[in-house]
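Engineer: sequence and predicted structure are below.
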Amino acid sequence: MKAIVIGAGIAGLAAACRLAQKGYRVTVFESNEYPGGKLTAISSKGFRFDAGPSLFTLPHLLDDVFHATKENPRDFYDYETLDVACHYFYEDGTTLKSFCDQNKFASEVSEKLNIDGGVVVDFLQRSEVMYNQAGQIFLNNSLHKATTWLKKDVLSALLRIYKYDLFKSMDAANQIHLKHPKLVQLFDRYATYNGSNPYKAPGILNSIAHLEHNLGTYFPKGGMHTITLSLYELAQKKGVEFVFGKKVSRIRSNKNKVTGVDTEDGFTQADLVVSNMDVYPTYKYLLPQIKTPERIEKQERSSSGLVFYWGVKGAFSNLGLHNIFFSENYKEEFHHLFDKQRIYQDPTVYVNITSKLNNSDAPEGHENWFVMVNAPSNTGQDWQTIIAQTREAVIKKLSRLLNKNLSEIIVTEELLNPMKIEERTSSFKGSLYGTSSNSKFAAFLRHANFSSKIKGLYFCGGSVHPGGGIPLCLLSAKIVSELVPEIS
């Protein structure tokens, strides 16, 4: 039996590997000339940059793809554990290192903020309970199958879920549990891990902090692009065929059963099709025979990103792999992002520097800076003006907080914006995570991993259940493989 996967993003690659292991002859159609979707790399004047996702958590989910195909993941990639998850910088000069060890982090908070660091330990323990008793149960199962809701652990999680701040916003919950404004802001930022607004997203999303702080933060040796390369290598080893530079123009069906896909080369037959493409353009462009589900059209899009890839002369000992420079008015920043569809004049800035751990990513005496600010989805804004204003604001902010004129030491620059994200990855409006989670029901409103209208049609990736980001994309591929019938 033949399976076609549309899109060679992380979820598409993982789904292809899992389907091949189940005995399907798998072909992946990718409109770009390379695999990885958002998780690619770029080079410029001796600098290497991971182009997309820069944080690696839950490595066992990636390892699971290799284990499922009877392979040793360490034969394909390896990673190291970080001692510090992130370096934080505030406008008043306060700095914090968020150590992955709870007690070290508590000591840091106690010393720098002059409060009882135990509040952090209590918060992270609560985050762990939330994740174990509710979060991971919903992430690991299809929420659109009746059999899921009959499982004992799912029913038990439903009965407990009200305890975990589902009916409070993340910020409101953090005000209660953390109190100190700098800690509240630090943990509010985890809403951005799925492109959401902490002043609207439900408090149960505070379980995200557990992944980074309790389960650990990691770095793939060679950089994040290694994840793509390892899955691509695994897929090839399992006999998956890749067709690059070929855009699928339609998913064909007959009598409510998928039959294959059309490309510029004509029709290709398949017994099942998995779309790793954003679910909105999948319906709009590839499934004209089906009306786009109303909830997909109406749901609020997640945030996007504006990224400057800067080759920087010099070394900054006070920076680590992950660095956050906070806005002084976080609430106003998110008001601009989601209500005004603009980038705030004082944006929070994230700086990722892989040359801190991978020396070959920058020439000697230099560093490679991946500099990102949260951006609204693309609704036709004047991006040329927004980009110019934001670049000036970011350079001014970093120069002030680092006491160094950044404009004088940038030796190369590349750019990624919401328009380019949409163009390169078919992400509707350039949204990084499909729809936002700015509703307590958002998790239940994401599109299913299968079609209820066409038998043999499945969906994976960040725009469908369980959501965006590398771990959840890998889970979506696993859910699809569990839904697909075994070949007898």
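Structural biologist: Done, it's in. Numbers count the residues shown, from 1 in each chain.
Engineer: neighbours of L58, how many?
Structural biologist: When neighbours are defined as other Cβ atoms under 10 Å, L58 has 20 of them. Using the backbone N, CA and C atoms, a C-beta is placed for each residue, glycine as well.
Engineer: mind listing what it touches?
Structural biologist: For L58, the contacting residues are 211, 215, 471, by Cβ atoms under 8 Å, 6 or more residues apart in numbering.
Engineer: N256 too?
Structural biologist: 453-455.
Engineer: out of those residues, grab the one that's most surrounded.
Structural biologist: Sorting the contacts of N256 by how many neighbours each has (other Cβ under 10 Å) puts I454 first, at 21 neighbours.
Engineer: so how far is Y283 from that residue?
Structural biologist: 11 Å (Cβ to Cβ, to the nearest Å).
Engineer: which residues do these two both contact?
Structural biologist: Common neighbours of I454 and Y283 (Cβ under 8 Å, 6+ apart) are I290.
Engineer: quick one: low-confidence parts of the stretch 151-300 of the chain?
Structural biologist: 151-155, 157-162 (pLDDT under 70).
Engineer: show me where it has its helices.
Structural biologist: 152-160, 170-177, 181-188, 208-213, 225-237, 279-281, 294-298 (DSSP state H, counting those that start in this stretch).
Engineer: just the contacts of N256 now: which is nearest D83?
Structural biologist: I454 (48.9 Å; Cβ to Cβ).
Engineer: is the closest one in contact with G260, as I believe?
Structural biologist: No. I454 lies out of contact with G260 (Cβ atoms under 8 Å); the separation is 11.9 Å.
Engineer: where do the contact lists of the two overlap?
Structural biologist: Joint contacts of I454 and G260 (Cβ under 8 Å, 6+ apart) are I251.
Engineer: related to what we said a few turns ago, adding distance to H447, secondary structure and pLDDT, write the contacts of N256 out as CSV.
Structural biologist: As requested, the contacts of N256 are exported to CSV (distance: Cβ to Cβ, whole Å; DSSP: H, G, I helix; E, B strand; the rest coil; pLDDT from 0 to 100):
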residue, distance to H447, secondary structure, pLDDT
K453, 12, coil, 93
I454, 13, coil, 96
K455, 17, strand, 96
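Engineer: name the residue most distant from the centre of the protein?
Structural biologist: K255 (36.2 Å; Cα atoms, centre = their mean).
Engineer: now do the buried residues in the helix ranked longest in the chain.
Structural biologist: For the chain, the longest helix by residue count, based on DSSP state H, is helix 383-402. By neighbour count with 16 or more other Cβ atoms under 10 Å, helix 383-402 contains the buried residues 383, 386-387, 390-391, 393-395, 397-398, 401-402.
Engineer: take it, keep the C-alpha atoms, and write them as CSV.
Structural biologist: Provided in CSV are the C-alpha atoms of helix 383-402 (Å, rounded to 0.1, in the frame of the first residue of the first chain):
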residue,chain,number,x,y,z
TRP,A,383,6.2,45.4,6.9
GLN,A,384,9.0,47.5,5.4
THR,A,385,8.3,50.3,7.9
ILE,A,386,7.7,47.9,10.8
ILE,A,387,11.0,46.0,10.1
ALA,A,388,13.0,49.2,10.0
GLN,A,389,11.5,50.6,13.2
THR,A,390,11.9,47.3,15.0
ARG,A,391,15.5,46.8,13.9
GLU,A,392,16.4,50.3,15.2
ALA,A,393,14.5,49.6,18.5
VAL,A,394,16.3,46.2,19.0
ILE,A,395,19.8,47.6,18.3
LYS,A,396,19.1,50.5,20.7
LYS,A,397,17.8,48.2,23.4
LEU,A,398,20.6,45.6,23.2
SER,A,399,23.3,48.3,22.9
ARG,A,400,22.0,49.9,26.1
LEU,A,401,21.6,46.7,28.2
LEU,A,402,24.9,45.2,27.0
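Engineer: average pLDDT for it, rounded please.
Structural biologist: Helix 383-402 shows a mean pLDDT of 98 in the predicted model.
Engineer: next: stretch 417-434.
Structural biologist: Mean predicted lDDT for stretch 417-434 stands at 94.
Engineer: ok, residues contacting that stretch?
Structural biologist: For stretch 417-434, using Cβ under 8 Å, 6+ apart, the contacting residues are 7, 9, 31-32, 37-38, 194-196, 277-281, 301-307, 375-379, 383, 387, 446, 461-464, 467-469.
Engineer: now intersect those residues with the strands, please.
Structural biologist: Under the assignment DSSP state E, those contribute 304-307, 375 to strands.
Engineer: OK, contacts around Y34?
Structural biologist: 8, 40, 244.
Engineer: ranking the residues you listed by neighbours, who comes first?
Structural biologist: A8 (27 neighbours).
Engineer: residue contacts, it?
Structural biologist: Counted by Cβ under 8 Å, 6+ apart, A8 has contacts 16, 28, 30, 32, 34-37, 232, 242, 244, 276.
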